[in-house]
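K.L.:
compute the structure for the input listed below.
(2 chains)
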Amino acid sequence: MATGIEVENVSKCFEDFQALRDVSITVPEGSLTALLGPSGSGKSTLLRVIAGLERPDNGRVLIAGQDATLLRPQDRGVGFVFQHYAAFKHMTVFNNIAFGLKIRKREKRQVSDRVHELLDLVHLNGFADRYPDQLSGGQRQRMALARALAVEPNVMLLDEPFGALDARVRKDLRIWLRRLHDEVHVTTVFVTHDQEEAMDVSEQIVVMNEGKVEQCGRPRELYEHPANAFVMSFIGPVNQMGDEFVRPHDIEVMLEPNGSSVEAQVDRIVHLGFEVRVEFTLHDGETGWAQLTKAEADQLELTDGQIVYVRQGEARVFSEEDRRTLGDGGEVLAQ
Amino acid sequence: MRSRLTLRFIALGYLFLLLAAPVGLVFFRTFEHGFGPAWEAVTTPEAQHAFWLTMVMVGVAVPINTIFGVITAIVLVRQRFPGKALMNAAIDLPFAVSPVVIGLALVLVYGNTGWFGGWLTEQGIQVIFSIPGMILATIFVSLPFVVREVVPVLREIGTEQEQAASTLGSNWWQTFWRITLPSIRWGLTYGIVLATARALGEFGAVSVVSGKLSGETETATLFVEQRFHQFDLTGAYAASVVLALMAMIVLLSMNLLNTRRRS
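P.N.:
Numbering: from 1, shown residues only, chains lettered A, B, ... in the order given. Have a look, this model is predicted:
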């Protein structure tokens, strides 16, 4: 547990809003962990508590085995990256990255060497003398990462680091962050509301909702063994049919009845390239959709309004209290 | 097209009639009889003392208002406490209240028969009809400028840069010098310039508390009035021109200082 993070029973209340409720997580040394959840789930607050930017009402935070609960942010040895970059606008890229080193009164030569090494690492060579407003969003965020890495923090904390970027840049930076982590190996926690981003980048995902941890595990574990309907619906698409929850790719669409299949009417067929979505209504009025490959869909020659037979493969049934799911509007609905 | 021209004509005409023409006339009148008489008028010992006293007013009131103005702005923007709205409103009081009233209020508090006046006189400190009172009056009237210029800038920059600095190991003081102050420097500059101009030009409040002792408690603006009443128009105009030049020098030097720091 040299540079890992332990959060023990942390609670945090803002005025009348309970942001964190008795949260405990473990972030192993050198890992890349995602805090995933809808807005208002407490994920950013948890990250800020780890950084020392918020003080918890209860509980402890241990960084590198040391109790950091009462330490000020500047004494924690954390690097923090903000969604909106928090670039020092009046400083050049060089001085932004050098900031932490200058605060530590490092020798001028040493500072310059380190900054250039980092400019290299984040692919910003040649940008040293620019000001932040002369950079693109992606470049600013890479600068912010270099700035945080400059002081060799024990842990890196990233608050929706790609949230303000457009989709393409997001994807590039995601891959780049993954590679960077392989190179630098610093314990990293990042906050995201994008499940694909979390699955793509992280080794461990902590799913949060309403200030609580719903489940914590490897991306595949969460996908295959969700603890409750919320996790299942947040980690991937899901159909609810009666008490059963089933992934759209586990629904088989057939032209003839077969075993446990039920009759359904095709409402709409959506072609998304390789993937085809078949939306249907069951005879009892319930709706759902199946995910087929293009080849499967072509073979069935489906048309709108056609009667088909659907059979669900692996479905999950959750206990009463685990049945809350994520509604369409991003809100959690009590079922 | 025509409406654009009309708008421009209105704006320029307004500026000319109310700003450029009177100020230009003052300059014209000053040098009407050549440079000599004007120079003589502003180099009498009386005049020199008045300018020196005005500079003392500015030199004390503006730095004090700058320091407390920045602190007040930070408190107003970054903290929440009961009575904040009241404090916010109170800062604008010098804008709302006539300077003469401010002068009279100071007399009521610090004058010989005022609240602290008696006690202060016993200690051998005279506030009213002397320089301390005039400084108090100048501070009072020039108080809101720095606060009012810095508050919106502080609000706009937010706290993220400061938080980033703190996670990078910077303590409060370092963050203030390296992040906050450079971020608010344009607003601060403008606030200082306005406060300086106000302090230079203050007449009403200072007039009430000064006693107008020529060569002792007479600032440049009071000197202008005194010359005017003595029918020494050249002297009055010349002193006005010097006041205007002092204000311009402040404006230019602040701008210069800022551009140099940027590069």
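K.L.:
what's the end-to-end length of stretch B:208-227?
P.N.:
The first residue of stretch B:208-227 is 18 Å away from its last residue (C-alpha to C-alpha, to the nearest Å).
K.L.:
could you give the number of residues near the residue in the stretch 151-300 of chain A positioned nearest to chain B?
P.N.:
Among all residues of the stretch 151-300 of chain A, A:Val151 sits closest to chain B, at 6.1 Å; criterion: C-beta to the nearest C-beta. For the C-beta atoms, the positions are set from N, CA and C on the backbone; glycine is no exception. The tally of other residues near A:Val151 (other C-beta atoms under 10 Å in any protein chain shown) stands at 19.
K.L.:
identify the residues contacting it.
P.N.:
A:Val151 is in contact with A:Gly77, A:Gly79, A:Gly100, A:Leu101, A:Arg104, B:Leu168, B:Gly169, counting by C-beta atoms under 8 Å, 6 or more residues apart in numbering or on different chains.
K.L.:
A:Ile50 is in contact with A:Leu20, correct?
P.N.:
No - in this structure, A:Leu20 is not within contact of A:Ile50 by C-beta atoms under 8 Å, at 11.2 Å.
K.L.:
looks like A:Arg277 contacts A:Trp289 (just checking).
P.N.:
Yes - the pair A:Arg277 / A:Trp289 is scored as a contact, 5.4 Å apart, by C-beta under 8 Å.
K.L.:
any common contacting residues for those two?
P.N.:
A:Pro248.
K.L.:
against which helices or strands is the helix or strand harbouring B:Ala47 packed?
P.N.:
Using DSSP states H and E, B:Ala47 falls within helix B:45-78. Counting contacts by 3 or more C-beta pairs under 8 Å, 6 or more residues apart in numbering or on different chains; DSSP states H and E, helix B:45-78 packs against helix B:35-42, helix B:84-91, helix B:131-141, helix B:144-157, helix B:185-201, helix B:220-229, helix B:233-262.
K.L.:
so how far is A:Val115 from the residue of the stretch 151-300 of chain A closest to chain B?
P.N.:
To A:Val115, A:Val151 is 12 Å away according to C-beta to C-beta, to the nearest Å.
K.L.:
shared neighbours of the two, anything?
P.N.:
Joint contacts of A:Val151 and A:Val115 (C-beta under 8 Å, 6+ apart) are A:Leu101.
K.L.:
so what touches stretch B:250-259?
P.N.:
B:Arg185, B:Trp186, B:Thr189, B:Ile192, B:Val193, B:Thr196, B:Ala197, B:Leu200.
K.L.:
that one: which residues count as buried?
P.N.:
B:Val250, B:Leu251, B:Met254 (16 or more other C-beta atoms under 10 Å in any protein chain shown).
K.L.:
residue of the stretch 1-150 of chain B nearest chain A, please.
P.N.:
For the stretch 1-150 of chain B, C-beta to the nearest C-beta, closest residue to chain A: B:Arg80, 10.2 Å.
K.L.:
so that residue, which of the three states?
P.N.:
coil (DSSP: H, G, I helix; E, B strand; the rest coil).
K.L.:
burial count for it?
P.N.:
Count around B:Arg80 with other C-beta under 10 Å applied: 5.
K.L.:
torsion angles phi and psi at it?
P.N.:
phi -120, psi 130 (degrees, to the nearest 10).
K.L.:
kindly provide the distance from it to A:Phe14.
P.N.:
12 Å.
K.L.:
what's the answer for A:Ala167, then?
P.N.:
According to C-beta to C-beta, A:Ala167 and A:Phe14 sit 32 Å apart.
K.L.:
so which of these two has more stuff around it?
P.N.:
Shown here are A:Ala167 and A:Phe14; by other C-beta under 10 Å, A:Phe14 has more neighbours (11 against 8).
K.L.:
hey, what's that one bridged with?
P.N.:
A:Phe17 (DSSP bridges).
K.L.:
quick one: buried residues of stretch A:19-32?
P.N.:
By neighbour count on 16+ other C-beta under 10 Å, the buried set for stretch A:19-32 is A:Ala19, A:Leu20, A:Arg21, A:Val23, A:Ile25, A:Thr26, A:Val27, A:Glu29, A:Ser31, A:Leu32.
K.L.:
equivalent analysis for stretch B:125-132, please.
P.N.:
Buried-residue list, stretch B:125-132, by 16+ other C-beta under 10 Å: B:Gln126, B:Val127, B:Ile128, B:Phe129, B:Ser130, B:Ile131, B:Pro132.
K.L.:
same question for stretch A:173-180.
P.N.:
Judged by neighbour count using 16+ other C-beta under 10 Å, the buried positions of stretch A:173-180 are A:Leu173, A:Arg174, A:Leu177, A:Leu180.
K.L.:
one more: stretch B:197-212?
P.N.:
B:197-210, B:212.
K.L.:
and it, how far from the chain's centre?
P.N.:
11 Å (C-alpha atoms, centre = their mean, to the nearest Å).
K.L.:
what sits up against that stretch?
P.N.:
For stretch B:197-212, the surrounding residues in contact (C-beta under 8 Å, 6+ apart) are B:54, B:57-58, B:61-62, B:98-100, B:102-104, B:106-107, B:127-130, B:133-134, B:136-138, B:140-142, B:145, B:217-222, B:225-226, B:243, B:246-247, B:250-251.
K.L.:
from what I can see B:Ile179 touches B:Gln163, true?
P.N.:
No - between B:Ile179 and B:Gln163 there is no contact under C-beta under 8 Å: 9.8 Å.
K.L.:
those two: which is more packed in?
P.N.:
A count of neighbours by other C-beta under 10 Å puts B:Ile179 above the other of B:Ile179 and B:Gln163, at 24 against 20.
K.L.:
what about B:Val77, how many neighbours?
P.N.:
17.
K.L.:
next one: it from A:Val191, what distance?
P.N.:
Taking C-beta to C-beta, one finds B:Val77 at 26 Å from A:Val191.
K.L.:
same check, this time on B:Glu149
P.N.:
36 Å.
K.L.:
same thing with A:His283?
P.N.:
43 Å.
K.L.:
between these two, who's got more neighbours?
P.N.:
The neighbour comparison of A:His283 against A:Val191 (other C-beta under 10 Å) goes to A:Val191, with 25 against 10.
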